[in-house]
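Asks: Need coordinates for the following:
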Amino acid sequence: MTQVREAIRGQIAKGTYKPGDRLPSESRLTQEFGVSRTVVREAVAALQSERLLEPRQGAGVFVLEPSAGDGIAFRNLDMARVSSLIEMLELRTAVEGDAAGLAAQRRSPAQEEKIIEAFDALRALSRAGQPTAEADFRFHLAIADASNNPRFPEFLRLIGPAIIPRRAISNEAASPEYSAVLDREHEDILVAIQNDDEEAARTAMRQHLKNAQSRYRQFLRDARRTER
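Replies: Coordinates of the predicted model:
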């Protein structure tokens, strides 16, 4: 995803695509870069979060006029590097724990239903062995929305689906055992929110993200041993 995102960013910077231009269709981009539709969607979503692209209903995705200061935050992140993944997970632990706690207190029935739907979709993809990064992002975003503090979802949208670093450990991501662990962690968060338990929701979210940090740190250690 990172390579596709940077390639499109480079085309915009060089003027291949100018402000107001419509980006090629998803199918054309998959052919151009030789990647799956999921990779293209994640790359485009990341550039949307940086305000370089804008989707328009029924018309496609368009290049935006650059604005001073837009997209500066997190620009130096390389989500293909495990160290960057861990940095972002540490930040998410601080932010999303409170978002989950607030969601347990403040959610509306419609917002709760959206969280449940996102969880069900995520679990279905996981059990089918399908890519789950976008569904995972939607689950976390639904919880942030349910905090009813617009800054929480704003934060997640700023950095986009790239915050779900599933691709970094392809072997583990393909493991049913790994998927089952993630399903349980996500369900713990959902149940705590449904039970109106602010502290349990905060704890479940923080534990989920701290577990992710541990998993990626172990991956980094294993990679170093392999290089020796």
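Asks: so what's A173 scoring on pLDDT?
Replies: According to the prediction, A173 has pLDDT 47.
Asks: and what of F139?
Replies: With respect to pLDDT, F139 has a value of 96.
Asks: Remind me what the one helix or strand it maps to packs against, helices and strands.
Replies: When secondary structure is defined using DSSP states H and E, the element that contains F139 is helix 133-146. With contacts defined as 3 or more CB pairs under 8 Å, 6 or more residues apart in numbering; DSSP states H and E, the packing partners of helix 133-146 are helix 37-49, helix 82-106, helix 109-127, helix 151-159, helix 176-194. C-beta here means a position set from N, CA and C on the backbone, and glycine is covered the same way.
Asks: got the angle for it vs helix 82-106?
Replies: Compare the direction of helix 133-146 with that of helix 82-106 by axes from the mean of the first three to the mean of the last three CA atoms, to 10 degrees and you get 40 degrees.
Asks: helix, strand or coil for V35?
Replies: Under DSSP: H, G, I helix; E, B strand; the rest coil, V35 falls in the coil class.
Asks: Once you drop chain neighbours, what's closest to it?
Replies: Beyond its immediate neighbours in the sequence, the residue positioned closest to V35 (CB to CB, 6 or more residues apart in numbering) is V4, lying 6.0 Å away.
Asks: in whatever helix or strand that neighbour lives in, what's buried?
Replies: Secondary structure assignment for V4, by DSSP H and E: helix 2-14. Buried residues in helix 2-14, counted by 16 or more other CB atoms under 10 Å: T2, V4, R5, I8, R9, Q11, I12.
Asks: Can you convert those into a markdown table and add a column each for pLDDT and distance to G97?
Replies: Written out in a markdown table, the entries for the buried residues of helix 2-14 read as follows (pLDDT from 0 to 100; distance: CB to CB, whole Å):
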| residue | pLDDT | distance to G97 |
| --- | --- | --- |
| T2 | 70 | 27 |
| V4 | 86 | 31 |
| R5 | 84 | 28 |
| I8 | 90 | 33 |
| R9 | 84 | 32 |
| Q11 | 88 | 38 |
| I12 | 87 | 35 |
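Asks: wait, which of these is closest to G34?
Replies: Each of these was scored against G34 by CB to CB, and V4 proved nearest at 9.6 Å.
Asks: ok, now how distant is the closest one from Q31?
Replies: Counting by CB to CB, to the nearest Å, the gap from V4 to Q31 is 12 Å.
Asks: On the pLDDT front, check the spatially closest residue to P24 that is not a sequence neighbour for me.
Replies: Distance criterion CB to CB, 6+ apart; nearest residue to P24, sequence neighbours excluded, is E32 at 7.1 Å. Per-residue confidence for E32 comes out at a pLDDT of 92.
Asks: swap in E198?
Replies: Reading off the confidence values, E198 has pLDDT 97.
Asks: Could you report the neighbour count for it?
Replies: Other residues near E198 come to 18 when the count uses other CB atoms under 10 Å.
Asks: and it, what does it touch?
Replies: G101, L102, A104, Q105 (CB atoms under 8 Å, 6 or more residues apart in numbering).
Asks: quick one: the first one from L125, how far?
Replies: If I follow you right, that is G101. G101 sits 27 Å away from L125, taking CB to CB as the criterion.
Asks: Those two: which is more packed in?
Replies: Between G101 and L125, counting by other CB under 10 Å, G101 is the more crowded of the two (23 against 17).
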